[in-house]
Every structure is written in structure tokens, then in C-alpha cells.
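>>> predicted coordinates and the sequence they were generated for:
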Amino acid sequence: MAQHMNLDEIKTRVAAPLMAIDGVSGVGVGDGGIHVYLDSDHEAVHSAVSRVMSAEAAGAPFQVIVSGGFHAQ
């Protein structure tokens, strides 16, 4: 089922609940899945991200990337 999902639509659906998690710095689409960017590597944040993805986009491929924060230039 995941291969038939529109990743842009999934990103739109999951972005707000993911960004509400303290430690999530961004959400994007790339490499065939949703990318969730974290400020730092904490198990509690990983678990919260997994819960949101399971509840809002079950079966959608996603990757958690520890990137640090993003800053406007």
C-alpha cells in the first residue's frame, strides 16, 4: 500500500503533528519516503515520531535524520 501513497499528501498530513514534537526540526520528502529531521538523537523523540507516523500514515516509508536545527540564512 505504501508504494501507492502520494508522499506530498502524507507530508502535508503529518507535518503539523511531527513539528509539535519537541526535538523535531523539519519534515520533508526524499529518497522515496518522508524525512523527519531531528535537532539531536534522543530515543523519546524517535518513539514519538514513530507513534505519529503509525497513527497518521501507517505503512508510509519514513527516515529519521539527526541534522541539528535549521536556521534561516
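Yes, it's here. Numbering: from 1, shown residues only.

>>> so the closest residue to Val64 other than its chain neighbours is in which element?
Distance criterion Cβ to Cβ, 6 or more residues apart in numbering; nearest residue to Val64, sequence neighbours excluded, is Val36 at 5.1 Å. Placement of C-beta: from N, CA and C, glycine included. Per DSSP states H and E, Val36 falls inside strand 33-38.

>>> that strand pairs with which strands, and in what direction?
Strand pairing for strand 33-38, using DSSP bridges, gives strand 24-30 (antiparallel), strand 62-66 (parallel).

>>> quick one, what contacts Val45?
Contact partners of Val45, counting by Cβ atoms under 8 Å, 6 or more residues apart in numbering, are Ile21, Asp22, Gly23, Val24, Leu38.

>>> roughly how far does Arg13 sit from Val66?
With distances taken as Cβ to Cβ, to the nearest Å, Arg13 is found 23 Å from Val66.

>>> what does Ala15 give?
Separation of Ala15 from Val66 (Cβ to Cβ): 18 Å.

>>> of the contacts of Val45, which is the nearest to Glu56?
The nearest member of those to Glu56, counting by Cβ to Cβ, is Ile21 at 12.2 Å.
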